[in-house]
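Engineer: Got a sequence here, can you build the structure:
(one chain, ligands or ions: 1)
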Amino acid sequence: MPTPVLFDMDGVILEGPGTVPGTYADAADAALADLGVDPTPAQRDSLRQHGLEGVRDCCTALGIDPDEFWRRKERHASVRTHDRLRSGERGRYEDSDVIHDVTERTTTALVSNNRHETTTFVAEFYDFPFDAVRGRDPTLEGFRRRKPDPYYLERTLADLGLEDGIYVGDKPKDVVAGREAGLETAFVRRPHNRDVELPEGTTYELESLWTVPDLLEE
Ligand SMILES: [Mg+2]
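Structural biologist: Numbering: from 1, shown residues only. Model prediction:
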């Protein structure tokens with residue numbers, strides 16, 4: 001079988017480096033409203049950040065379950081993100097069309113730090129027939145396991161029974177995680193990373209995804 005290819009999502013398939021600023025703040029507000037609590041301004045600020053810091057302490061002080069808050073926040077962030085994709089506010093890079101060709105020739109996967117619900121949505125919305133799709137679990141632990149941790153890459157390789165492959169990403173942490181998982185790495189140049197130094201250990205530097213098929217070895 002030709003070399004399997006695993007694709008990052010944000011900045012590789014979806015335009016721009018990541019989820020639009022404000023999404024997580026709005027999602028936190030919606031989760032707090034669901035749970036019917038009234039945080040202090042400082043608590044709200046803390047919970048609106050895209051991170052784990054302060055989440056347990058604030059939720060405990062408010063008498064809500066941090067895991068439940070987090071699950072709801074992730075869910076609301078997914079709904080908002082999917083709306084932006086459906087409306088075309090956020091698009092995909094044209095060269096992601098190559099995924100159809102690559103998928104016909106070898107095993108492929110989508111492995112992202114983004115929410116699992118959103119990776120699944122993107123694969124279905126654009127009709128990309130990946131063999132596996134994996135994003136972060138909607139838990140505090142799931143957030144901690146994001147790249148550069150190789151956890152989700154390793155889990156995907158195990159699910160597919162693979163031991164090698166190429167991980168295509170747009171950030172240095174993609175190269176770190178890919179190497180940790182025992183993969184070759186491809187760093188694709190996009191407008192947002194044009195001036196980033198090529199990460200140490202990158203196997204291939206790509207000007208677009210159109211050349212991914214050239215990397216497949218029989
Ligand atoms: Mg990315």
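
Engineer: from here on, contacts and neighbour counts on C-alpha atoms
Structural biologist: Will do.

Engineer: what sits against the residue in the chain that the ion sits nearest to?
Structural biologist: For the chain, the nearest residue to the ion under the criterion C-alpha to the ion is Asp10, separated by 4.1 Å. By C-alpha atoms under 8 Å, 6 or more residues apart in numbering, Asp10 lies in contact with Gly16, Pro17, Gly18, Thr19, Ser112, Asn114.

Engineer: can you do 6 Å?
Structural biologist: Pro17, Gly18 (C-alpha atoms under 6 Å, 6 or more residues apart in numbering).

Engineer: next one: Thr185
Structural biologist: Ile166, Tyr167, Val168, Val175, Thr202, Thr203.

Engineer: Please list the members of those residues that lie in strands.
Structural biologist: The members of these that map onto strands under DSSP state E are Ile166, Tyr167, Val168.

Engineer: isn't the first one right next to Val5, touching?
Structural biologist: Yes - using C-alpha atoms under 6 Å, Ile166 is in contact with Val5, at 4.9 Å.

Engineer: So for the two, which sits in the more crowded spot?
Structural biologist: Val5 (27 against 23; other C-alpha atoms under 10 Å).

Engineer: List the contacts of that one.
Structural biologist: Counting by C-alpha under 6 Å, 6+ apart, Val5 has contacts Thr108, Gly165, Ile166.

Engineer: can you put these in CSV and add distance to the ion and pLDDT?
Structural biologist: Shown next, in CSV, are the contacts of Val5 (distance: C-alpha to the ion, whole Å; pLDDT from 0 to 100):
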residue, distance to the ion, pLDDT
Thr108, 17, 98
Gly165, 18, 98
Ile166, 15, 98
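
Engineer: Just give me the neighbour total for His192.
Structural biologist: Neighbour tally, His192, other C-alpha under 10 Å: 13.

Engineer: same check, this time on Tyr204
Structural biologist: Neighbour tally, Tyr204, other C-alpha under 10 Å: 17.

Engineer: give the contact list for it.
Structural biologist: Ala186.

Engineer: beta partners for it?
Structural biologist: Ala186 (DSSP bridges).

Engineer: got the contact list for the host helix or strand of Ala158?
Structural biologist: Using DSSP states H and E, Ala158 falls within helix 151-160. Surrounding helix 151-160, the residues in contact under the criterion C-alpha under 6 Å, 6+ apart are Ala181.
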